[in-house]
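Chemist: Have a look at this fold, sequence not included:
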Ligand SMILES: Nc1ncnc2c1ncn2[C@@H]1O[C@H](COP(=O)(O)OP(=O)(O)OP(=O)(O)O)[C@@H](O)[C@H]1O
């Protein structure tokens, strides 16, 4: 028999009074994969994760974590699941190194705490009490505590929020290492670049509902678009008439142009030839794929970070 997926959610609903925080979420997260829950503030990401962690019960729907019930089987799941909370949960006076060694001592076969501190750039802070660590250092220590026990499944709620670029990269590498070791990672993020970089599957949530899910490539599709900057007010209708049927062109904001359609070498040549014949010098001319940000905007009509 094949083992169950790491996380299986079916038609999950959770209400807080009049607010429906989670409104029928279904998803699967396989072992050895990274799943990103991507959505704006208040989308229901944290509530969904807290239900998986057994901290909250859904009103309706089912949740299985490593094939078990996160509330009823909490004791069995504890050594197998790593949890990183948005707000640490570490005593303020605990020194970073001692705390991590203490957490490690609860597990049968933990990672070496000193190695983990090194990987997360915390070696120099090993003797620093938790409350004296910077916000980003506290966050990395919470991450270390979530993974030190070699869990099979890890929940990371906004693991890189507020981290500087170096710490962000260290966190990303750690997540990639977990995946390589066969661990299932479920993380929440507002950052589409993080989801695109890390996730095997992205679940886009908005107002408690899953509005799209798939691999980043499936969600963004194969479509390309051409963007450039030039002086405002170019005659787009005229440019469009030179392009293949089915192309679209828009200027938004002023001086920023976007051409969509079948972006082939011929289309690029037509655009640059048209610009040359009209004395237009383009800047930042580039061809790119749609981003998850574009996808979110299309699905909801709103920006991801609004
Ligand atoms: N304990 C609570 N009591 C009442 N309402 C709550 C509670 N927790 C969350 N909510 C509400 O439920 C909705 C979803 O919140 P949730 O924290 O799950 O979203 P989120 O996607 O994690 O947002 P963020 O990115 O800001 O963390 C929000 O409208 C929030 O205000």
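Modeler: Thanks, I have the structure now. Just so you know, these numbers come straight off a predicted model, no measurement behind them.
Chemist: count of residues packed around residue 245?
Modeler: 8 (other CB atoms under 10 Å). (Each C-beta comes from the backbone N, C-alpha and C, glycine too.)
Chemist: So it: helix, strand or coil?
Modeler: coil (DSSP: H, G, I helix; E, B strand; the rest coil).
Chemist: Tell me how far it lies from residue 267.
Modeler: Here the criterion is CB to CB, to the nearest Å. By it, residue 245 lies 12 Å from residue 267.
Chemist: Could you list the contact residues of this protein toward the ligand?
Modeler: Proximity of the chain to the ligand (CB under 6 Å from any ligand atom) is limited to residues 16, 19, 21, 39, 41-47.
Chemist: quick one: which of these sit in helices?
Modeler: Judged by DSSP state H, helices contain the following of these: 45-47.
Chemist: Pop the domain breakdown of this structure in here.
Modeler: When the chain is parsed with the TED database, its domains come out as 7-219, 222-289.
Chemist: Out of those, which one sits most buried?
Modeler: With neighbours defined as mean count of other CB atoms under 10 Å, the domains of the chain peak in mean count at domain 7-219, which reaches a mean of 18.
Chemist: next one: it to chain centre, how far?
Modeler: Centroid separation between domain 7-219 and its chain, computed with CA atoms, centre = their mean, to the nearest Å, is 11 Å.
Chemist: helices and strands of this protein: which one has the lowest mean pLDDT?
Modeler: Using mean pLDDT, DSSP states H and E, helix 292-300 stands out as the lowest-scoring helix or strand of the chain, at a mean of 80.
Chemist: Now do the buried residues in it.
Modeler: 292-296, 300 (16 or more other CB atoms under 10 Å).
Chemist: okay if I get the residues you listed as JSON lines plus distance to residue 6?
Modeler: Listed next are the buried residues of helix 292-300 as JSON lines, based on distance: CB to CB, whole Å:
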{"residue": "292", "distance to residue 6": "22"}
{"residue": "293", "distance to residue 6": "27"}
{"residue": "294", "distance to residue 6": "29"}
{"residue": "295", "distance to residue 6": "25"}
{"residue": "296", "distance to residue 6": "25"}
{"residue": "300", "distance to residue 6": "28"}
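Chemist: doesn't residue 251 make contact with residue 259?
Modeler: No. If you go by CB atoms under 8 Å, residue 259 and residue 251 don't touch, sitting 10.5 Å apart.
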